[in-house]
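Peer 1: need a 3D model of the following:
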Amino acid sequence: MKYPKIYLAVALLLMSTLSFAQLRAVNYADGNQKLSGFAAKPKAGSKKKAGILILPAWMGIDAHAKTSAEELYAMGYYAFVADIYGADKRPADMKGAGELAGYYKKNIAEYQKRIKLALDQLVKAGADPANIAVIGYCFGGTGAVEAARENFPVKGIVSFHGGLSRDSSRTVNAIKPKLLILHGADDNYVPAPEVAAFQNEMRKAKADWQMTYYANSVHSFTDPDAGTDNSKGAAYNEKAAKRSWKAMQVFFDEIFN
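Peer 2: Predicted coordinates for the structure are as follows:
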């Protein structure tokens, strides 16, 4: 995935200027590797105790992930934005992001471990461990699917324009968490054979899964900083972004009730 440099610059500028008043930094660790995520705790008196773990796209913790956390907070959920790469390993550009994301896709057990550590932080923040969901964008969507594949203690996962591939040498086990896959109908970064293989995997795993396609949508359709030119392969689609967020809310109503 390659974004024009101007979009990257805009994203970095937004990250430096937005306040994200409801988020607090949370430092934790994976052995000697320092990690730094962000937590949002609902207002006192909120009846909801469910928690949502947010797995960012390949640039790591960004404005889009933080905005999602604040929106979930406003809905009454606990939210935690995971740090997958490390506090001192923020990618400076797309090349660096590709290398880091590629490493964790290849070393999937390490990706799974970082997700589990972030889940622990979500519970420590106060979320009910029996009512947890994982959502992820792009690279983070890949992680959300991995959380389901490994039967992490979550009710369900939501993948927004995420990768769906799996090493064919891996055993297909039964999957307990429910899965909601929200996918751009014209997403060339996740080709049709990958989608077909994923769907066959879900059948073999006897998973409770659903997949929704959005017309005229490519990769990154939920990210306002991705531009609007579909020919670039990654672009924002306002209609698809709103529809997919609503689909996630309906899914949460199902799994948490």
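
Peer 1: apart from its neighbours in sequence, what residue is nearest residue 140?
Peer 2: Once flanking residues are discounted, residue 140 sits nearest to residue 55: 3.1 Å by Cβ to Cβ, 6 or more residues apart in numbering. Heads up, the C-betas are built off the backbone N, CA and C, glycines and all.

Peer 1: how many neighbours does that neighbour have?
Peer 2: 29 (other Cβ atoms under 10 Å).

Peer 1: any idea how far residue 212 is from the residue positioned nearest the centre of the chain?
Peer 2: Most central in the chain under Cα atoms, centre = their mean is residue 136, positioned 1.0 Å from the mean C-alpha point. From residue 136 across to residue 212, the span is 16 Å (Cβ to Cβ, to the nearest Å).

Peer 1: which residue ranges of the chain form strands?
Peer 2: 24-30, 33-40, 51-55, 78-81, 132-137, 156-160, 178-184, 209-214 (DSSP state E).

Peer 1: mind putting these in TSV, mean pLDDT and distance to residue 62 included?
Peer 2: TSV is the format used below for the strands of the chain (pLDDT from 0 to 100; distance: least, Cβ to Cβ, whole Å):
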stretch	mean pLDDT	distance to residue 62
strand 24-30	97	15
strand 33-40	97	11
strand 51-55	98	11
strand 78-81	97	9
strand 132-137	98	9
strand 156-160	98	13
strand 178-184	98	18
strand 209-214	98	21
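
Peer 1: export those to TSV and tack on distance to residue 195?
Peer 2: TSV is the format used below for the strands of the chain (distance: least, Cβ to Cβ, whole Å):
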stretch	distance to residue 195
strand 24-30	32
strand 33-40	30
strand 51-55	20
strand 78-81	27
strand 132-137	17
strand 156-160	12
strand 178-184	7
strand 209-214	8
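
Peer 1: of all those, which lies closest to residue 120?
Peer 2: With Cβ to Cβ, the closest approach to residue 120 among the strands of the chain belongs to strand 24-30: 7.9 Å.

Peer 1: buried sites along stretch 238-252?
Peer 2: The neighbour-count check on stretch 238-252 (16 or more other Cβ atoms under 10 Å) flags 240-241, 243-245, 247-248, 251-252 as buried.

Peer 1: now those as CSV including distance to residue 42 and pLDDT?
Peer 2: Shown next, in CSV, are the buried residues of stretch 238-252 (distance: Cβ to Cβ, whole Å; pLDDT from 0 to 100):
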residue, distance to residue 42, pLDDT
240, 27, 98
241, 23, 98
243, 25, 98
244, 23, 98
245, 18, 98
247, 22, 98
248, 17, 98
251, 19, 98
252, 14, 98
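
Peer 1: now, those residues that are in helices?
Peer 2: Of the positions in these, 240-241, 243-245, 247-248, 251-252 sit in helices, assigned by DSSP state H.

Peer 1: which ones are touching residue 146?
Peer 2: 108, 111-112, 115 (Cβ atoms under 8 Å, 6 or more residues apart in numbering).

Peer 1: re earlier: out of the strands of the chain, nearest to residue 224?
Peer 2: Nearest of those to residue 224, taken as Cβ to Cβ: strand 132-137 at 11.9 Å.
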